[in-house]
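>>> Predicted model, plus sequence, below.
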Amino acid sequence: MTSSPNAQLSEAEWLARARHYILSTRMDARSAHGPVLVRGEGSVVWDTEGRQYLDFNSGQMCAALGHQPHRVVEAIRQACDTLIHASSSILNVYEISLAERLAALTPYGLTRSLFLESGADANEAAVQLAKVHTGRTHVASPHVSFHGLSDSTRALTFGVRDWHRGYGPYAYGNHAIMAPYCYRCPIRRSFPECQLVCLDATFELLDAELDSPLAAVITEPLFSAGGVIEPPEGWLVALKRKCEERGALLILDEAQTGLGKLGTMWACEPAQVIPDILTISKHFGGGVSISAVVTTDEIADRAQAAGFVHGHSHTSDPLACAAAEASLETIVEEDLPGRAVSLGAEWRGRLESLARQHPVIGDIRGRGLIQGVELVRDRTTREPADGLGWEVERFCRQEGLLFSVRRAGTVLRFVPPWTTTTQQFERAAFILDAGLRASAPGPSTVGE
């Protein structure tokens with residue numbers, strides 16, 4: 001008889017088992033260490049020792065609705081009672097119902113969906129779809145991007161050097177373009193005086209480099225894993241125009257930014273840009289693994305006519321589709337985009353208060369429920385505080401606050417769930433303040 005995962009083992013015993021049986025490939029942990037989680041509810045998770053943690057990373061950003069969201073749990077129970085899995089070659093009612101509901105929420109004209117498992121799955125399918133539609137090979141992505149860690153999406157992931165280097169050679173046709181990282185502009189210009197010269201320059205270089213026309217550009221509307229970098233006003237519109245001029249498609253990867261998290265249903269809405277292909281995942285399933293590729297009738301019809309085939313054993317699984325439809329119901333009926341605005345403003349206010357006390361905070365950026373703090377050695381020179389973020393994160397984790405660190409340990413990224421309360425924000429700010437004081441002691445106040 002196998003032992004239950006709820007058996008009363010200590011953290012040390014669980015970690016010993018992990019070292020023996022787990023192949024550790026985690027993004028942010030090269031070795032097995034605590035906490036070892038056993039359950040979650042709302043914005044809190046518990047470990048094997050009974051310790052509580054505020055989960056300001058929303059799991060792997062997939063629990064933005066909170067841990068154990070009621071509607072999703074009930075939808076899963078119902079699917080378990082009817083149809084958990086079905087052949088990916090045969091339609092099921094859960095899949096069709098989800099596609100119809102999603103089409104009512106996506107930007108105008110994007111009505112045809114394919115359901116897969118992860119963000120990498122969706123981005124890989126989107127790139128293949130663009131290549132089939134255009135009959136072209138070359139695809140480009142900004143240099144701070146993250147689109148997944150499968151072979152083909154890793155080839156277009158440039159935002160974290162260690163996740164890209166050492167895994168090649170990659171397939172032919174993948175290219176980096178310059179991202180609009182205004183806080184650290186690669187060409188030392190300032191917005192808006194620069195007039196987005198970075199975009200003009202990078203496409204001039206790309207045009208010179210390519211031996212055949214461009215098929216697509218895939219980008220995030222806000223570069224989350226690359227350091228919570230938000231493009232300046234007008235950049236997404238200009239990028240769409242660059243694609244249209246070349247007969248290339250624009251793929252928007254809204255895995256981390258879509259479905260209300262930034263305060264609008266889609267992060268591309270404020271720019272009024274409609275992509276040719278949209279990909280979504282993360283909290284789409286309310287914690288269950290599911291992703292989607294959504295496109296136009298024209299692109300879908302041409303792909304089908306060309307005999308385009310894509311999928312795997314769990315494409316459009318009924319259980320996952322049921323969870324995703326419940327997630328969409330929650331987002332719409334509880335106006336979670338509007339709530340993201342108010343929660344984001346509350347957390348931003350606390351980060352700005354901390355910035356007045358800690359000179360190590362050089363920049364605060366992001367929207368809604370994705371916000372980041374960039375750490376510097378000097379605010380004037382903007383010398384990056386490489387590695388400091390890891391020290392802050394370790395302290396905060398020990399005190400009960402979870403978040404992620406990006407850009408060589410210089411950016412703290414916070415993704416609190418929609419279930420986070422004012423008291424929990426207060427607690428998180430208190431822990432973060434203590435972590436900054438312990439890791440980067442400095443003046444108690446900073447001039448404006």
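It's in.
>>> Centroid-nearest residue for this protein?
Q256 (2.8 Å; Cα atoms, centre = their mean).
>>> show me the residues around V360 that make contact.
L375, V376, R377, A385, L388, L436, A440, G442 (Cβ atoms under 8 Å, 6 or more residues apart in numbering). For every residue, glycine as well, the C-beta is placed using N, CA and C.
>>> er, E117 actually
Residues in contact with E117 (Cβ under 8 Å, 6+ apart) are S289, I290, S291, H312, H314, T315, A320.
>>> Look up phi and psi at it.
Reported as degrees, to the nearest 10, the phi and psi values for E117 are phi -110, psi -40.
>>> which stretch of helix or strand covers E374?
Assigned by DSSP states H and E, E374 belongs to strand 370-378.
>>> Go through the contacts of E117 and name the one nearest R136.
Checking these against R136 by Cβ to Cβ gives S291 as the nearest, at 24.0 Å.
>>> Which residues does the closest one form beta bridges with?
L116 (DSSP bridges).
>>> Let me know how buried it is, in neighbour terms.
25 (other Cβ atoms under 10 Å).
>>> And P417, by the same measure?
26.
>>> could you give the mean pLDDT of the longest helix seen in the chain?
Assignment by DSSP state H gives helix 336-355 as the longest helix of the chain. When pLDDT is averaged along helix 336-355, the result is 98.
>>> how far off helix 336-355 does whichever helix or strand comes after that helix point, in degrees?
Helices and strands here follow DSSP H and E; after helix 336-355, the next one along the chain is strand 361-367. Going by axes from the mean of the first three to the mean of the last three Cα atoms, to 10 degrees, strand 361-367 is angled at 170 degrees with respect to helix 336-355.
>>> what separates strand 361-367 from the chain centre, distance-wise?
Its chain's C-alpha centre and that of strand 361-367 lie 17 Å apart, by Cα atoms, centre = their mean, to the nearest Å.
>>> If you count contacts, what does it end up packed against?
helix 336-355, strand 370-378 (3 or more Cβ pairs under 8 Å, 6 or more residues apart in numbering; DSSP states H and E).
>>> rerun that using 10 Å as the cut-off
Judged by 3 or more Cβ pairs under 10 Å, 6 or more residues apart in numbering; DSSP states H and E, strand 361-367 is in contact with helix 336-355, strand 370-378, strand 411-414.
>>> which residues sit against stretch 191-201?
142, 177-182, 185-189, 231-235, 237-239, 241-242 (Cβ atoms under 10 Å, 6 or more residues apart in numbering).
>>> Weed out the non-buried ones from those.
Taking 16 or more other Cβ atoms under 10 Å as the criterion, what is buried in the contacts of stretch 191-201 is 142, 177-182, 185, 231, 235, 238-239, 242.
>>> follow-up on the earlier one: helix, strand or coil: sort out the residue nearest to the centre of the chain for me.
Secondary structure, DSSP: H, G, I helix; E, B strand; the rest coil: Q256 is coil.
>>> got a list of what it touches?
Q256 neighbours (Cβ under 10 Å, 6+ apart): 58, 61-62, 64, 119, 146, 220-225, 228, 262, 267, 280-283, 370, 413, 415.
>>> Make sure S316 is actually in contact with S97.
No. Counting by Cβ atoms under 10 Å, S316 stays clear of S97, with 11.2 Å between them.
>>> Have a look at those two and say which one is more surrounded.
S316 (24 against 13).
>>> ok so that one is a helix residue?
No. Counting by three-state DSSP, S316 is located in no helix; its state is coil.
>>> Thank you, goodbye.
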